[in-house]
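# fold the following.
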Amino acid sequence: MDIVSRHRMMLFSGGANPTLAGEVADLLGVPLGALELSTFANGELYARPAESVRGADCFVLQSHSDPINDRIMEQLIIIDALRRASARRITAVMPFYGYSRQDKKVLPREPITARLIGDMFMTAGADRLVSVDLHTGQLQGFIPKPFDHLTALPIITDYLAQELTGPITIVSPDAGGVKRAEKYARRLEASGLAFVYKRRDPDRHNVSAALDVSGEVEDTDVVIVDDIIDTAGTACNAADLIRAKGARSVRIAATHAVLSGPAVDRLKNAAVDEVIVTNTLPVPDQARELDKLRVLSIAPILAEALQAIFMESSVSEIFLGDNV
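Residues are numbered from 1 along each chain as shown. I've put the predicted structure just below:
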């Protein structure tokens, strides 16, 4: 008996960012897989694929947004359901990797929660992970299975190249982000590179102070690049300091717009001309009133990467090596 093998791609979305999932599905030319998602009276989550997934190459896209614990759990449950339904391969697509900043010990007896999240996805049945602009690249080493690290750098730099015509200085808001800033500077052929001396309080979350700038920013268009804007304290402190140093314009560019707590008010009052983010996370309602906010779609990058994974071709070639 001859058996014809069918290599079938299926894309599923959790409830966090259906708009992004729909964009990716349209670009891939596949419909979103049907899911039954519900919540029990006690808050427990339920997920069940509403069609056969047997032998399919399944991708589960979920942004780890607020409420982050529910979003992570929902994705885990979907993966578990697909595994038990005999999916051939399951790829967990998390544009924003939850708990990624808890990747090392700073104080005694602290957890390394970024590793815990990876272990949970492996236990649930994920065969591969995909994420965008990890907080630190070392997170890939926490996972024993393939981990594709994508970057929004091409999308953001293409936009900046159209907007900026004068001399550009790329600034990292702390010493740890200099490698990221170097990639932006190379893509934009920037005339300068700088970083901000930052002091963080190890006993208080989301509290930092910008002390000084290493590098020349005077009379240039400055772009502060980071992976995450959470409460916006780091970015706004850096922007105010750089503006005081004589920058001609100041922009903040970051992949993940968490925008929690006082972020919107801080950005509204900061000496910033524009805030550029992507839609790896759904933009909070309160941020939509921020006139200086520009949201770019990450869907083309995700679609191209998922197509490469499905076709067993190179993902790194898409980014010319900038995703490592």
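
# going by C-alpha atoms from here, please, whenever you check contacts or count neighbours.
OK.

# contacting residues for the closest residue to Ala299 other than its chain neighbours?
Distance criterion Cα to Cα, 6 or more residues apart in numbering; nearest residue to Ala299, sequence neighbours excluded, is Val24 at 5.1 Å. Val24 makes contact with Ala299, Pro300, Leu302, Ala303, according to Cα atoms under 8 Å, 6 or more residues apart in numbering.

# restricted to buried residues, select those in PyMOL.
A single PyMOL command selects the buried members of the contacts of Val24 (16 or more other Cα atoms under 10 Å):
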select buried, resi 299+302+303
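
# okay, the contacts of Val24 in JSON lines with pLDDT and secondary structure next?
Listed next are the contacts of Val24 as JSON lines, based on pLDDT from 0 to 100; DSSP: H, G, I helix; E, B strand; the rest coil:
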{"residue": "Ala299", "pLDDT": "97", "secondary structure": "helix"}
{"residue": "Pro300", "pLDDT": "96", "secondary structure": "helix"}
{"residue": "Leu302", "pLDDT": "97", "secondary structure": "helix"}
{"residue": "Ala303", "pLDDT": "97", "secondary structure": "helix"}
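
# before we move on, the earlier item: isn't there a strand covering the residue nearest to Ala299?
No. Counting by DSSP: H, G, I helix; E, B strand; the rest coil, one finds Val24 to be helix, located in no strand.

# do you know how far it is from Ser249?
For Val24, the distance to Ser249 (Cα to Cα, to the nearest Å) stands at 34 Å.

# which regions of this structure sit below the pLDDT cut-off?
The chain contains residues with pLDDT under 70 at 1-6, 198-211, 320-324.

# looking at the contacts of Val24, which is nearest Leu20?
Nearest to Leu20 among the contacts of Val24: Ala299, at 6.4 Å, using Cα to Cα.

# got a list of what the closest one touches?
With Cα under 8 Å, 6+ apart, Ala299 has these contacts: Leu20, Ala21, Glu23, Val24, Leu27.

# want to throw those residues into a markdown table with distance to Gly118?
Converted to a markdown table, the contacts of Ala299 look like this (distance: Cα to Cα, whole Å):
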| residue | distance to Gly118 |
| --- | --- |
| Leu20 | 23 |
| Ala21 | 22 |
| Glu23 | 26 |
| Val24 | 24 |
| Leu27 | 28 |
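
# quick one: buried ones out of the residues you listed?
Buried members of those, scored by 16+ other Cα under 10 Å, are Leu20, Ala21, Glu23, Val24.

# just give the number of residues close to Arg84.
Applying other Cα atoms under 10 Å, we find 12 residues neighbouring Arg84.

# could you export the buried ones among the contacts of Ala299 as TSV, including distance to Asp148?
As requested, those are exported to TSV (distance: Cα to Cα, whole Å):
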residue	distance to Asp148
Leu20	19
Ala21	18
Glu23	20
Val24	17
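
# quick one: contacts for the most centrally placed residue in the chain?
Geometric centre of the chain, nearest residue: Phe96, 3.7 Å, by Cα atoms, centre = their mean. Contacts for Phe96 (Cα under 8 Å, 6+ apart) come out as Ser63, His64, Ser65, Ser131, Val132, Asp133, Leu134, His256, Thr280, Leu281.

# part of a strand, is the fourth one?
Yes. In this structure, Ser131 lies within a strand as judged by three-state DSSP.

# which ones are touching it?
Val93, Met94, Pro95, Phe96, Tyr97, Phe147, Asp148, His149, Leu150.

# among those, name the buried ones.
Buried members of the contacts of Ser131, counted by 16+ other Cα under 10 Å: Val93, Met94, Pro95, Phe96, Tyr97, Phe147, Asp148, His149, Leu150.
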